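**Student:** My questions are about this predicted structure, shown below with the sequence.
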Amino acid sequence: MPNLRLTARDLDLLDALGDYRFLSIPQVCALFFPSVGAASRRLRELAAKKLAVPIFMPVRPYSRESQTVYGLGGRGANQLTARHNGLRPRHLTSREQRS
């Protein structure tokens with residue numbers, strides 16, 4: 001994936017990740033996309049460029065099943081700085097990503 005062109009919808013999505021802190025793929029689909037597949041694909045592309053951060057949450061304790069939720073990455077926060085009058089929105093730090 002050489003270059004990723006951010007659309008207005010991408011910026012709205014990143015803004016929502018900053019506002020809500022975490023969003024699952026079905027939630028992102030309900031807000032911005034016509035299908036779960038399209039939402040999943042775009043979130044993976046944003047995560048590959050470190051604009052969004054995938055977090056794997058266990059469904060039940062001691063279970064290997066997990067659900068992926070996404071948060072705003074540092075590069076995504078940098079992209080949103082102009083939208084927020086020069087202020088960088090809150091994003092997931094590397095320490096928060098590990099815990």
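**Tutor:** That came in fine, so what should we check first?

**Student:** what's the first-to-last distance across stretch 54-73?
**Tutor:** 9 Å (C-alpha to C-alpha, to the nearest Å).

**Student:** got the buried residues for it?
**Tutor:** 54, 69-73 (16 or more other C-beta atoms under 10 Å). In short, each C-beta sits where N, CA and C put it, glycine included.

**Student:** farthest-separated two in these?
**Tutor:** Taking C-beta to C-beta as the measure, the buried residues of stretch 54-73 span a maximum distance of 13.1 Å, between 69 and 73.

**Student:** Need the residues touching each of these two.
**Tutor:** With contacts defined as C-beta atoms under 8 Å, 6 or more residues apart in numbering, no residue is shared by residue 69 and residue 73.

**Student:** Retrieve the pLDDT associated with the residue sitting furthest away from the middle of the chain.
**Tutor:** What lies farthest from the middle of the chain is residue 62; by C-alpha atoms, centre = their mean that is 25.6 Å. On pLDDT, residue 62 comes in at 79.

**Student:** ranges for the helices of the chain?
**Tutor:** Under the criterion DSSP state H, the chain contains helices at 8-20, 25-32, 36-48, 74-80, 94-98.

**Student:** Using TSV, lay out these together with distance to residue 87, mean pLDDT and mean neighbour count.
**Tutor:** Written out in TSV, the entries for these read as follows (distance: least, C-beta to C-beta, whole Å; pLDDT from 0 to 100; neighbours: other C-beta atoms under 10 Å):
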stretch	distance to residue 87	mean pLDDT	mean neighbour count
helix 8-20	11	94	17
helix 25-32	23	96	16
helix 36-48	21	95	17
helix 74-80	9	88	19
helix 94-98	19	64	10
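
**Student:** Could you dump these into TSV and include distance to residue 88?
**Tutor:** Supplementary listing: these in TSV, determined by distance: least, C-beta to C-beta, whole Å:
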stretch	distance to residue 88
helix 8-20	10
helix 25-32	22
helix 36-48	17
helix 74-80	5
helix 94-98	15
